[in-house]
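> based on what follows, work out the 3D shape:
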Amino acid sequence: MESKNRRISPFAIQCFVSAGVTFNMAGMGLVMGFVTGLLPQLRRPDSIIQIDDTTGSWIASLPGFTIIVGNFIAPSIMGKFGRRTANLCSLAVSVTGWLCIVFSNTVTILLLARFIQGIAMGMIGALGPILIGEYTSPKNRGLFLMSISVNISLGIFTIQALGAFLYWKTCALICIGIVLLTVLLVILSPESPTFLADKERYDECRKVFNYLRGDTENEELEKMIAAKMLLKKEQIIKTDMMKEMLLSKFDYFKKTSKKKEFFKPLLIMFHIFIMAQWCGVNILTSFTTNLFEKVVGLDAGINIPLMIVLVGLHRVLGNIVGMVFIKTLRRRVVLFTTISLNVVALFAIAAYTYARDNNYLPFDEPAVGIILVHIHMFSVATGAIPLAFVLAGELFPMEYKSLCGGISMIFYSLSLFSNMKTVLLLFNTWGISGTYCLYAGVVVYCLVVVGVLLPETKDKTLLDIEEGFRGKKLSSS
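Down below sits the predicted model:
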């Protein structure tokens with residue numbers, strides 16, 4: 001096996017093991033984009049399930065809320081049994097959700113299916129960036145983390161294209177096949193070397209690390225093992241304190257929350273996830289029909305299903321461009337460039353629709369609205385969404401990865417649910433111009449906070465990033 005491994009480049013091996021994670025995260029795109037084709041079919045008079053707007057909003061937004069449940073499940077599994085096991089468990093939950101959709105014939109069962117799908121999203125959302133960050137080399141880590149967003153976009157594009165032509169239960173069966181393929185990839189992948197080091201399985205850790213990275217990054221390996229040994233030593237020395245911590249988890253969390261390497265990454269990710277959900281992505285993903293009707297107009301004569309497919313394709317292509325940005329540019333450069341474009345796009349759409357609705361424009365050309373929507377999609381596809389996954393895989397310290405991953409995904413879940421649930425309400429009360437101005441204000445605030453707190457992480461090891469937050473290096477002295 002070792003001789004065979006040497007004939008395969010570390011990059012190729014990292015591509016393979018990361019595929020088991022990114023394909024799973026593509027399932028998030030399948031879940032989010034599924035409603036684009038589902039809701040119009042359920043509104044047809046001959047549908048076996050009849051819905052109104054309120055029920056439709058719950059079907060669309062429920063997974064965003066139940067992500068929290070997955071957040072509580074995944075950290076304990078990946079901390080105790082391993083990242084690979086947690087990945088397989090999330091896939092099992094995902095298959096269950098899609099099966100419920102296949103067999104659903106009432107609103108109740110359909111809502112149950114979406115509830116289960118949200119759990120699966122929460123599990124892989126908390127795990128995915130962490131596992132890819134631990135699998136891959138610092139020089140390629142940003143590229144692999146960026147591939148998460150590409151795969152989610154591919155999932156959205158795939159299910160939206162299928163939903164335009166196929167029955168929604170047929171689409172669910174295809175999704176089950178995609179999940180089963182991912183299960184095979186995960187089974188053939190190794191456990192995370194970081195988890196193995198955390199469990200003091202150092203020989204196995206070295207073997208897996210060299211399988212993934214080759215023998216050119218052993219300095220990072222030995223630093224990681226030394227850091228884990230030091231933490232274990234401190235835990236042994238402080239046995240009495242640990243017993244007290246077990247008796248008072250609140251006291252333990254209170255002490256932990258004061259550590260810079262714990263609260264600073266969480267504060268950054270809190271604002272990153274808010275920015276990622278309030279940049280307008282959910283309107284582009286799940287309410288695309290409403291968007292084109294309001295920006296372009298009902299009487300423009302455009303082919304809305306075609307527009308939906310083109311926007312989905314643009315998201316995939318934009319993510320690929322974003323991969324180039326992440327590979328070649330510093331994280332902070334990508335942050336300020338793409339998010340600034342996002343703010344400009346939000347204000348431009350707000351101004352255009354306001355002027356159009358009040359007859360201030362000397363012309364009414366549908367192409368203008370379509371171009372503005374695509375500029376908005378480009379800013380989202382290259383910026384807020386992929387950056388969220390990249391930074392989630394880079395910022396959290398080794399000792400608190402599971403805890404930080406779970407807490408940060410709660411931020412993600414609440415942001416996603418609140419945004420999805422309020423889209424139609426804001427459209428009906430403030431109009432698209434007021435809605436987009438609100439979104440722009442939220443994004444600007446988050447950009448300022450993240451710009452102040454975020455360090456540069458490109459090409460740095462996870463330990464170096466952690467030591468940067470801590471302000472000092474781990475030392476055995």
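> most centrally placed residue in the protein?
Nearest residue to the geometric centre of the chain (Cα atoms, centre = their mean): F389, 5.2 Å.
> can you name the residues in contact with the one helix or strand that one maps to?
Using DSSP states H and E, F389 maps to helix 385-392. Residues outside helix 385-392 that contact it (Cβ atoms under 8 Å, 6 or more residues apart in numbering) are 25, 128-130, 142, 145-146, 148-150, 152, 268-269, 272-273, 275-276, 279, 281, 319, 322-323, 326, 331, 334-335, 338, 405, 408, 412, 454, 457. Placement of C-beta: from N, CA and C, glycine included.
> how about 7 Å then?
If you take Cβ atoms under 7 Å, 6 or more residues apart in numbering as the criterion, helix 385-392 is touched by 129, 142, 145-146, 148-149, 268-269, 272-273, 276, 281, 319, 322, 326, 334-335, 408.
> can you list the weak-confidence ranges in this protein?
1-6, 228, 230-258, 298-301, 399, 402, 471-477 (pLDDT under 70).
> next one: the residue sitting furthest away from the middle of the chain from R356, what distance?
Distance from the C-alpha centroid of the chain, by Cα atoms, centre = their mean, peaks at P362 (41.6 Å). With distances taken as Cβ to Cβ, to the nearest Å, P362 is found 11 Å from R356.
> L310 too?
For L310, the distance to R356 - Cβ to Cβ - is 21 Å.
> the two: which has the busier surroundings?
Under the criterion of other Cβ atoms under 10 Å, the comparison of L310 against R356 puts R356 first, with 20 against 16.
> can you name the next helix or strand after the helix or strand containing G431?
Following DSSP H and E, one finds G431 within helix 401-453. Next along the chain after helix 401-453, taking DSSP H and E as the criterion, comes helix 462-470.
> list the buried residues for that following helix?
Neighbour counts using 16 or more other Cβ atoms under 10 Å place L462, L463, I465, E466, E467, G468, F469 of helix 462-470 among the buried residues.
> C-alpha coordinates for it, PDB please?
Extracted in PDB, the C-alpha atoms of helix 462-470 (Å, rounded to 0.1, in the frame of the first residue of the first chain):
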ATOM      1  CA  LEU A 462      -3.600  25.900  11.500                       C
ATOM      2  CA  LEU A 463      -1.300  26.000  14.500                       C
ATOM      3  CA  ASP A 464       0.200  29.300  13.400                       C
ATOM      4  CA  ILE A 465      -3.200  30.900  13.000                       C
ATOM      5  CA  GLU A 466      -4.200  29.700  16.500                       C
ATOM      6  CA  GLU A 467      -1.000  31.100  18.000                       C
ATOM      7  CA  GLY A 468      -1.700  34.400  16.300                       C
ATOM      8  CA  PHE A 469      -5.000  34.600  18.100                       C
ATOM      9  CA  ARG A 470      -3.500  33.500  21.400                       C
END
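> what's in contact with stretch 12-20?
Contacts of stretch 12-20 (Cβ under 7 Å, 6+ apart): 87, 132, 135-137, 140, 144, 147, 182, 185-186, 189-190, 211-212.
> give the buried residues for it.
Buried, per 16+ other Cβ under 10 Å, within stretch 12-20: I13, Q14, C15, V17, S18, A19, G20.
> separation between the fourth one and I283?
The one in question is V17. Applying Cβ to Cβ, the value for V17 to I283 is 34 Å.
> before we move on, the earlier item: just put the buried residues of helix 462-470 in a markdown table and tack on distance to A348.
Shown next, in a markdown table, are those (distance: Cβ to Cβ, whole Å):
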| residue | distance to A348 |
| --- | --- |
| L462 | 38 |
| L463 | 42 |
| I465 | 35 |
| E466 | 40 |
| E467 | 42 |
| G468 | 37 |
| F469 | 37 |
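> and which of the residues you listed is nearest M224?
Lowest distance from M224 to the buried residues of helix 462-470 (Cβ to Cβ) belongs to L463, with 6.2 Å.
> give me the element the nearest residue to the closest one once chain neighbours are set aside is part of.
Leaving out its chain neighbours, the residue that sits closest to L463 by Cβ to Cβ, 6 or more residues apart in numbering is K223, at 5.4 Å. Using DSSP H and E, K223 maps to helix 218-237.
> hang on, the residue nearest to L463 packs against D464?
No - K223 lies out of contact with D464 (Cβ atoms under 7 Å); the separation is 8.9 Å.
> sec struct for R44, please.
Taken by DSSP: H, G, I helix; E, B strand; the rest coil, the conformation at R44 corresponds to coil.
> burial count for it?
Neighbours of R44 using other Cβ under 10 Å come to 9.
> for P45, same thing?
5.
> show the contacting residues for L291.
Applying Cβ under 7 Å, 6+ apart, we find L291 in contact with I283, L284, V373.
> in CSV, list the residues you listed along with distance to L99, neighbour count and secondary structure.
Listed next are these as CSV, based on distance: Cβ to Cβ, whole Å; neighbours: other Cβ atoms under 10 Å; DSSP: H, G, I helix; E, B strand; the rest coil:
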residue, distance to L99, neighbour count, secondary structure
I283, 30, 25, helix
L284, 29, 22, helix
V373, 35, 24, helix
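> and of those residues, the nearest to F292?
For the contacts of L291, the minimum distance to F292 (Cβ to Cβ) is 7.1 Å, reached by V373.
> for T289, give its distance to Y400.
From T289 to Y400 the distance is 42 Å (Cβ to Cβ).
> hang on, the earlier thing: can you add distance to Y352 and secondary structure and give the buried residues of stretch 12-20 back as JSON lines?
Shown next, in JSON lines, are the buried residues of stretch 12-20 (distance: Cβ to Cβ, whole Å; DSSP: H, G, I helix; E, B strand; the rest coil):
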{"residue": "I13", "distance to Y352": "48", "secondary structure": "helix"}
{"residue": "Q14", "distance to Y352": "44", "secondary structure": "helix"}
{"residue": "C15", "distance to Y352": "42", "secondary structure": "helix"}
{"residue": "V17", "distance to Y352": "45", "secondary structure": "helix"}
{"residue": "S18", "distance to Y352": "40", "secondary structure": "helix"}
{"residue": "A19", "distance to Y352": "41", "secondary structure": "helix"}
{"residue": "G20", "distance to Y352": "43", "secondary structure": "helix"}
